[in-house]
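>>> What shape does this take:
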Amino acid sequence: MTLTTGPERRPVLTVLQAGRAAAALAIVVYHSAIATRDFAGAIPESVFRILECGTFGVDFFFVLSGFIILHAHGGDPPGAAAARAYAWKRVTRIYVPYLPVALALIGLYLALPGLSARTREWSLLTSLTLVPTGAPPALAAAWTLEHEMMFYVLFLAFFLARRAFPALIALWVASILVGIGLGLETSYAAPSPLSILAPINAEFVAGMLAALAVPRLAGRLALPCLLAGLGGIAAFFGFAVDPAGPARMAFGTAVALCVAGAVRLEIDGRLGVPAWAILLGNASYAIYLVHNPLASLGARIAARVEPLRSWPASLALCIGLGVAAGLVYHLAWERPALAWLRRRVGPRREALSQ
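Reported below is the predicted structural model:
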């Protein structure tokens, strides 16, 4: 099976941005519920159980990441030059928005060690580099970025060993399944080098498979594919699957079906995305980076301001602060900083590669 599916995979797909927006909002809701529970008072258990489903926004992000990487680079030529260009794009895309937030939190935790609701250890090395050491980063949500970096490093084989890449990915998935069978402890929330075998990583592969499937998916099957994925998600929640268990991969598979169907519908001109969803999707990484500290701040404010002491008011404040701050961070730093790098560094890199 070829991994390059032609120019059809190159267009900007707004449905992916809408998916990123949905994933980010789900995670914001989840962490806002936790912050409200920790600082502003109890949330009814039945309501919290619904809100904590937002944790699966992480799975959505992983599937989308696998899809986007292959969509963006599947037509790139093999070789070291393309590998360097890919690595530069991924490194800048991750670290330029991440490091200011990480440094700010490191400074806060060093100055105010009891700032967190729960006293927890964190690794300075992991916080600065996203290298998986087994200790969490200062920014709690950054554990997902450690998995992203593992995947990005593995994807370098696409450029350096193109023919062997499908076998390498198959071996990766097989190793994950063997690890599940052996009961291997592969923490995903505090990654270590062994966490390359964490079941949640298989969702990157599900996303890549969805990207491969889209050009081969007949238009008449796009809507059934989307509906099958939605049915799989509903069944997953209906069976109340352990969110930390390997069955979580089933959720990622269902999401991959949704993504493949939705993308095919957009390519065929049968699905549109509103401008506000595209904006939120563009800002989704910034929202993801800043929302958790802002949710904590919002809940602390709500606990001290009489009109906001109810859990719905606290929850709304946390969500609003997280999304608004993420939009501001995207527009004020992430987007201009990355654009500046493309203008200043991009031409030099092209000259060096010639």
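>>> who's sitting farthest from the centroid in the chain?
Glu306 (35.7 Å; CA atoms, centre = their mean).
>>> and that one, what does it touch?
Neighbour list for Glu306: empty [criterion: CB atoms under 8 Å, 6 or more residues apart in numbering]. All C-beta atoms are positioned from the backbone trio N, CA, C, and that covers glycine.
>>> Kindly report the same for the one 5 residues further on.
Contacts for Trp311 were tallied using CB under 8 Å, 6+ apart; they are Thr36, Arg37, Ala40, Gly41, Ala42, Ile43, Pro44, Val47.
>>> What is the neighbour count of the residue nearest to it when sequence neighbours are not counted?
Once flanking residues are discounted, Trp311 sits nearest to Ile43: 4.8 Å by CB to CB, 6 or more residues apart in numbering. Other residues lying near Ile43 total 20 when counted by other CB atoms under 10 Å.
>>> before we move on, what about Ala135?
Around Ala135 there are 16 residues (other CB under 10 Å).
>>> Could you measure from it over to Ile68?
As for Ala135, its distance to Ile68 is 29 Å (criterion: CB to CB, to the nearest Å).
>>> follow-up on the earlier one: which one of the contacts of Trp311 has the most neighbours?
Top of these by neighbour count (other CB under 10 Å): Thr36, with 30 neighbours.
>>> got TSV for the contacts of Trp311, with pLDDT, secondary structure and distance to Ala161 too?
Output for the contacts of Trp311, formatted as TSV (pLDDT from 0 to 100; DSSP: H, G, I helix; E, B strand; the rest coil; distance: CB to CB, whole Å):
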residue	pLDDT	secondary structure	distance to Ala161
Thr36	95	helix	48
Arg37	93	helix	48
Ala40	87	helix	52
Gly41	79	coil	55
Ala42	81	coil	54
Ile43	93	coil	50
Pro44	94	coil	53
Val47	95	helix	50
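>>> any idea where the helices of the stretch 101-250 of the chain begin and end?
Assigned by DSSP state H, counting those that start in this stretch, the helices in the stretch 101-250 of the chain fall at 124-129, 143-155, 157-160, 165-181, 202-213, 222-238, 248-267.
>>> what's the closest of the ones you listed to Ala283?
Distance to Ala283, taken as CB to CB, is lowest for helix 143-155 among these, at 16.7 Å.
>>> For that closest one, buried residues please.
Residues of helix 143-155 classed as buried by neighbour count (16 or more other CB atoms under 10 Å): Trp143, Thr144, Leu145, Glu146, His147, Glu148, Met149, Met150, Phe151, Tyr152, Leu154, Phe155.
>>> and the third one, what does it touch?
Leu145 makes contact with Ile94, Tyr98, Leu130 under the criterion CB under 8 Å, 6+ apart.
>>> Kindly report the same for the fifth one.
Residues near His147 by CB under 8 Å, 6+ apart: Phe62, Tyr188, Pro191, Ser195, Ala198, Ile200, Asn201, Phe204.
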